[in-house]
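**Q** next comes the sequence, and after it the predicted model I'd like to discuss.
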Amino acid sequence: MDKTVATYVILNWTTVFFYVLGTTVNVYGTLFRKEKPERFSYWITSVGLACHSASILFWWRVVGHGPYMAPSEVLSADAWITLCMFLLFMRFYPRIKPASIVVFPVVFLMVGLATMSSPGIRTLPPTFGGVWLVFHIAFYKIALGTLVIALAFSIFYLLKDRPAPAAWLQRLPDLPNIDLFAYRFAGFGFIFWAIGMLAGSIWAYKSWGRYWGWDPVETWSLMTWLIFGFYLHLRRFFRMNGRRASWFFIFGFLIALVAQFLTSHMGTSIHAEYFR
């Protein structure tokens, strides 16, 4: 068993190494306008993604369930989905490439935290099963990945909308397009979050006999979704944009982090029993 855990840890630290290296090269290429290092950073990160995929699949086979029990599994899977979502969207929207200087550090920090957490083997509870659980977890993770991209563009807007922005910011789209990217990816996150929440309600009914119980996880998840809905409503119908929209989104993103990573460990939450 010790060898199994050691193999898992080695795979995770190898992943962290390639992610850190890729992030370093990417930041250098982006900030100093070096196209070759920037392009090379995506190859390095792709190698890290391959190691990361091997790590997740290896541990999945060991514990016999998906990455949604121990904190290390959850963080690792969140990082994997975030990076995959970014690389996928980047193929369709090449202009979002500079967001990598936010996405890549977020990814390697999550994997690093996952590696430093004790992996452990958690027995899968009887209620952790069925396709609705898969939808519930998967769509929340996809939502987080898209919200991280929206966060990057919200930060970019605040950095570029200054009297004397840094030279590397000129590589970004103009301010209206930065604002538009933040808005669109926030919309993606809002939709995916809603699907994850609805799938979770169906799963809760099958597991506990009720769709909604005002559990802290459910309450904070609903509050997060309403905040992002209010953000989108203000933008669509009241023309809120620019700095106000960026700060509003950052506030919503912080609430989303609380909803996804902290509420499930509250003693009053029924979810906490699964993460002890």
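**A** Thanks, I have it.

**Q** might you report the residue contacts of the residue nearest to F185 when sequence neighbours are not counted?
**A** Once flanking residues are discounted, F185 sits nearest to A150: 3.7 Å by C-beta to C-beta, 6 or more residues apart in numbering. Bear in mind the C-beta positions are built from the backbone N, C-alpha and C, glycine included. A150 sits next to F181, A182, Y183, R184, F185, A186, F188, G189, F249, F253 when contact means C-beta atoms under 8 Å, 6 or more residues apart in numbering.

**Q** out of these, which are inside strands?
**A** Assignment to strands by DSSP state E places none of those there.

**Q** pLDDT weak spots in the stretch 1-150 of the chain?
**A** Within the stretch 1-150 of the chain, the ranges that satisfy pLDDT under 70 run 1, 118-129.

**Q** go again using 90 as the cut-off
**A** Counting by pLDDT under 90, the stretch 1-150 of the chain shows low-confidence ranges at 1-9, 30-35, 61-74, 93, 95, 112-134, 137.

**Q** all helices of it, in order?
**A** For the stretch 1-150 of the chain, applying DSSP state H, counting those that start in this stretch gives helices covering 2-31, 35-63, 71-92, 100-116, 131-160.

**Q** could you dump the ones you listed into a markdown table and include distance to A199?
**A** Listed next are those as a markdown table, based on distance: least, C-beta to C-beta, whole Å:
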| stretch | distance to A199 |
| --- | --- |
| helix 2-31 | 28 |
| helix 35-63 | 20 |
| helix 71-92 | 15 |
| helix 100-116 | 23 |
| helix 131-160 | 4 |
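
**Q** which one of these lies closest to S264?
**A** helix 71-92 (8.6 Å; C-beta to C-beta).

**Q** residues of that closest one that come out buried?
**A** Residues 71-86, 89-90 are the ones in helix 71-92 that count as buried (16 or more other C-beta atoms under 10 Å).

**Q** kindly report the same for stretch 246-262.
**A** S246, F248, F249, G252, F253, I255, A256, A259, Q260, F261.

**Q** quick one: average pLDDT of it?
**A** For stretch 246-262, mean pLDDT rounds to 94.

**Q** quick one: contacts of it?
**A** 78, 140, 144, 147, 150-151, 154-155, 157-158, 179, 182, 186, 193, 217, 220-221, 223-224, 227-228, 231, 234, 240.

**Q** which residue lies farthest from the center of the protein?
**A** For the chain, the largest distance from the centre (C-alpha atoms, centre = their mean) belongs to P163, which lies 31.7 Å off.

**Q** over to it: give its phi and psi.
**A** Main-chain torsions, P163, degrees, to the nearest 10: phi -60, psi -40.

**Q** equivalent analysis for Y211, please.
**A** phi -80, psi -30.

**Q** what sits against it?
**A** Applying C-beta under 8 Å, 6+ apart to Y211 gives the contacts S201, I202, A204, Y205.

**Q** rerun at 10 Å
**A** Y211 sits next to L198, G200, S201, I202, W203, A204, Y205, E218 when contact means C-beta atoms under 10 Å, 6 or more residues apart in numbering.

**Q** against W168, how distant is it?
**A** From Y211 across to W168, the span is 49 Å (C-beta to C-beta, to the nearest Å).

**Q** can you check C84 too?
**A** Counting by C-beta to C-beta, the gap from C84 to W168 is 26 Å.

**Q** what's the answer for I56, then?
**A** Separation of I56 from W168 (C-beta to C-beta) stands at 33 Å.

**Q** who has more neighbours, these two?
**A** When I56 and W168 are compared for neighbours, I56 comes out ahead with 21 against 16, by other C-beta atoms under 10 Å.

**Q** understood, closing this out.
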